[in-house]
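1. Need coordinates for the below:
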Amino acid sequence: MTKSYFRQILETALKIAKEDYEQQPNLPINKSFYFQLLDIKKTVINENHVYSLEDSKKKYPLGIMAIRNFEGYNDFDYKDMLVDISYGISRYPKMPEK
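-> Numbering: from 1, shown residues only. Alright, predicted model coming up:
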């Protein structure tokens, strides 16, 4: 994984999450995904905050949430993006750019 790929999937997932949240703002999972992704963009990308793997899993449980809530969805890119983002949070500072 590279920083450019991480930012790309984060932006794509953020667009999907925003659309879902705007369509159903009272659905807790939509709100959670959207605000977690916004915070990841702010802290990890913009502010260069470094998280340990343990801390990133505690603060941003979106990967586990995606696996649990989208189980059985084959070829579902959004789920895969969320899992990749979750995996990359603690690794982002040391990723190559390209």
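
2. What lies in contact with the helix or strand of the chain with the lowest mean pLDDT?
-> Ranking every helix and strand in the chain by mean pLDDT, DSSP states H and E puts helix 62-69 at the bottom, with a mean of 86. Contact partners of helix 62-69, identified using C-beta atoms under 8 Å, 6 or more residues apart in numbering, comprise 29, 32-33, 36-37, 57, 78-79, 82-83, 85-87. Just so you know, the C-beta spots here come from the backbone N, C-alpha and C atoms, and that holds for glycine as well.

3. Which helix or strand lies directly C-terminal to it?
-> Note on helix 62-69: by DSSP states H and E, the next helix or strand toward the C-terminus is helix 77-88.

4. Can you give me the buried ones in that following helix?
-> 78-79, 81-86, 88 (16 or more other C-beta atoms under 10 Å).

5. What helices and strands are in contact with that helix?
-> helix 3-23, helix 28-40, helix 62-69 (3 or more C-beta pairs under 8 Å, 6 or more residues apart in numbering; DSSP states H and E).

6. Kindly calculate the angle that that helix makes with helix 3-23.
-> 130 degrees (axes from the mean of the first three to the mean of the last three C-alpha atoms, to 10 degrees).

7. And helix 77-88, how far out from the chain middle?
-> Averaged C-alpha coordinates place helix 77-88 at 6 Å from its chain's average position (C-alpha atoms, centre = their mean, to the nearest Å).

8. rewinding a little: let me have the helices and strands packed on helix 77-88 in JSON lines, adding mean neighbour count and distance to residue 97 as columns.
-> Listed next are the helices and strands packed on helix 77-88 as JSON lines, based on neighbours: other C-beta atoms under 10 Å; distance: least, C-beta to C-beta, whole Å:
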{"stretch": "helix 3-23", "mean neighbour count": "16", "distance to residue 97": "5"}
{"stretch": "helix 28-40", "mean neighbour count": "18", "distance to residue 97": "18"}
{"stretch": "helix 62-69", "mean neighbour count": "17", "distance to residue 97": "23"}
